[in-house]
Each structure stands twice: as C-alpha cells, then as structure tokens.
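> quick one: sequence and predicted model below, then my questions.
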Amino acid sequence: MSTFKTVAELVPFKEICHIYVQIILIQSGGAYRTSKHAYLIEFVCNTRVCVCDFLPRALTGFQPVAFRDILDGLVNTEYLVDVIDQIVGVSHFEIVSLNGKDTEKITLELQNQLSDRLTVHLLGKYAIFVHDATQNLIQKKCIICVIRFAKIGVFKGNLHQQRYIVMCTIAAIDYDMGWYYMSCKICWKRVLLVPSDHMKNYYCAKCNNYRSELLPRYNLQLVVLDNTGHSKFLLLDNLAEELLGIPCVALYGSSSDQIEDPVVVHSVLSKLVGGTYFCKIVIEEQNFMFNCQTFKVLEIIPTYEF
C-alpha cells in the first residue's frame, strides 16, 4: 500500500503529476445533515482506509452550539448540532410508541454558564444509558452531558398573531423589492404577471380572470430604527398614501405610462425618511415559521394620543 503524502511533497513525473483518488464526491443535501460541508465523500469498493496516528482537532467536527442561538431560532434546523453542558433535571423513565414500536424515552434539562436552559429528549439506547448513569452517580454531583448530532425539534403548537406599538424613525427605504405592486381594479387583490410573446397579461386569482384594468398600490419596505436596534416594516397602500399625501396611481401614472426616471419617485418617497412615528405592527405566522424579519404595519398612530 502506498504511503500518504501531502500535495506539496508530490513530485511530477515527466512534467505531469497524476493523482488518483478512489472515492466519489457527491453534493450534500436534505435535512438533518451532520456537517455544513457542501459535499460528501462516498467510499467505493476499492477505497483504502488506514489508521491516522494524529487527527487535528479542527477535523473532529465537534462544534457545540450556544443554547441562546437554539432558543432564539438562529440555528438552521436542516443540520444536526452538538451541545454540551450541565444536567440540572432528569425526567422519569418512560416507554413511548415510536413508529409502531415501544421505545425508551427520557427528558433532560441542560443549563449553561449563562443560566440558559435547554430541554433535550433522548430515545432508545441513549435514554437507557443516561438513565443508568444518572442513577448510579452520587447526588449533588455536577454531571456534564455531551450530545453529538442532535436534531432540533420544530415547535408544533399554535402560533398566534401578536400586535405591538413601536415608536421608531424611518432611516431608509429599501427598493430591492420595488415600491409598488399591481392590483385588480375590481377586488383590489394583487395580480400575477403571466408573460407572453406579445404583451403582458395579468391574472387575478380571486376573480379567476385576466385583467386589463389595473391599479398600482404602494408596497414600501421601510428600514426603521430606535435606540435598541433596527428592523424592517412593510407599509402598504392606504397608510403610505396617508403619510405621503399622494396616491400611488398619481406617482406611477397609467399602466402604459410608467414613470421611468427613478429620481422622481425617490424624491417623493424620501419625504418619509427621518420621520418618527408610532406604528402598530403585527407579528404574523410567517414571521415565526419562515423567520421573516419584515413586519407589517397596521396603523400609524398620531403622537398626540400618547
């Protein structure tokens, strides 16, 4: 068997260096991946493996995740994670049904040095091992638990809309998603653009019909801030018109005569920048489920009401 060499130690033969790697490189994908690497190595029938005397620590892959990042939903649930910290609570040993079979289950509560607590469920042989280990240890002894490749569970309860009043200052307008959308003139719902070879067709899903009479409506993405940080608010047609004093159709023009110079539009919309308002916003289901950081404005409240 040939000895292993680094790439720098390879000596070219007749000005050409041949490297034969007997593995298959496949793209990583799907849920519950054990690493964030973009590709995986797959062994084939003639792949040779030998024992490595020294494995660099950086290659062991153990990277514990902060409890707070998991609790705040900042960790991608497609990847399996590592956690380590002190066991401060152990549930009773249970037998539950999993995929039609009786399976052992135990629940742990881990606490880190910041007093953040994380609930962990262990099944099968892992539940038996931890249960036996905690029973045999002396009480009041600090028990450190290391868990590799843990799956982050998704909350399965009910999500309810929450409404808040925020005093904030508009710092900028984000034009990446545009500043308007086209709506049906009959039902005022957003229409879908259906491309064709000759002309643009707009389809209204509510009316179940193609529409030629359209109405542009404001769709402003506002970058807002206060003394604690910044966020994005979505300001829709009626509220935007209330603040600007000009309807969207007047700024846009007719459907066939759209304003081409963005300077004209920006000069009008920029009047909002620098203003401080009380905004009633709603945190909707999509903010929870898809971690959407843009919040819809329901009402602009005059300052004299406070």
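Structure received.
> any idea how far the spatially closest residue to L25 that is not a sequence neighbour is from R148?
If the residues on either side of it in the chain are set aside, L25 comes closest to Y39, at 5.3 Å by C-beta to C-beta, 6 or more residues apart in numbering. (Glycine included, C-beta is placed from N, CA and C.) As judged by C-beta to C-beta, to the nearest Å, Y39 and R148 stand 21 Å apart.
> repeat for G253
Distance from G253 to R148, by C-beta to C-beta: 61 Å.
> show the end-to-end separation of stretch 95-107, please.
12 Å (C-alpha to C-alpha, to the nearest Å).
> just the mean pLDDT for it, thanks.
Across stretch 95-107, the average pLDDT comes to 87.
> and what of stretch 149-166?
Stretch 149-166 comes out at a mean pLDDT of 75.
> and for stretch 177-190?
87.
> picking that back up, more neighbours: which of Y39 and R148?
Per other C-beta atoms under 10 Å, whichever of Y39 and R148 has more neighbours is R148, with 13 against 9.
> got the contact list for that one?
62, 82 (C-beta atoms under 8 Å, 6 or more residues apart in numbering).
> so it, which of the three states?
strand (DSSP: H, G, I helix; E, B strand; the rest coil).
> also T134?
T134 ends up helix, using three-state DSSP.
> I'd say it and S91 touch.
No: in this structure T134 lies outside contact range of S91 using C-beta atoms under 8 Å: 10.5 Å.
> bridging residues for V223?
A172, K232 (DSSP bridges).
> quick thing: my sequence starts at 806, can you match it?
All set: I'll call the first residue 806, so the last point we hit is now V1028.
> now the strands for the stretch 806-955 of the chain?
For the stretch 806-955 of the chain, the strands defined by DSSP state E, counting those that start in this stretch cover 828-832, 844-848, 886-895, 899-903, 906-916, 922-928, 949-955.
> make JSON lines from the ones you listed and add distance to E1089 to it.
Listed next are the strands of the stretch 806-955 of the chain as JSON lines, based on distance: least, C-beta to C-beta, whole Å:
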{"stretch": "strand 828-832", "distance to E1089": "34"}
{"stretch": "strand 844-848", "distance to E1089": "37"}
{"stretch": "strand 886-895", "distance to E1089": "28"}
{"stretch": "strand 899-903", "distance to E1089": "33"}
{"stretch": "strand 906-916", "distance to E1089": "31"}
{"stretch": "strand 922-928", "distance to E1089": "26"}
{"stretch": "strand 949-955", "distance to E1089": "29"}
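> who wins for proximity to S1072 among these?
strand 828-832 (47.5 Å; C-beta to C-beta).
> per-residue confidence at the residue nearest to Q832 when sequence neighbours are not counted?
Excluding the flanking residues, the one nearest Q832 by C-beta to C-beta, 6+ apart is Y844, at 5.8 Å. What the model reports for Y844 is a pLDDT of 79.
> who touches Y844 in this structure?
The contact partners of Y844, by C-beta under 8 Å, 6+ apart, come to 830-833.
> from those residues, which is closest to L1039?
Using C-beta to C-beta, those come closest to L1039 at S833, 34.6 Å.
> can you check the pLDDT for that closest one?
For S833, pLDDT reads 75.
> what's the local residue count around the residue nearest to it when sequence neighbours are not counted?
Residue nearest to S833 in three dimensions, not counting chain neighbours: L845, with 5.0 Å by C-beta to C-beta, 6+ apart. Counted by other C-beta under 10 Å, the residues lying close to L845 total 15.
> before we move on, what about K956?
The burial count for K956: 12, using other C-beta under 10 Å.
> again with F934
Residues near F934, counting by other C-beta under 10 Å: 13.
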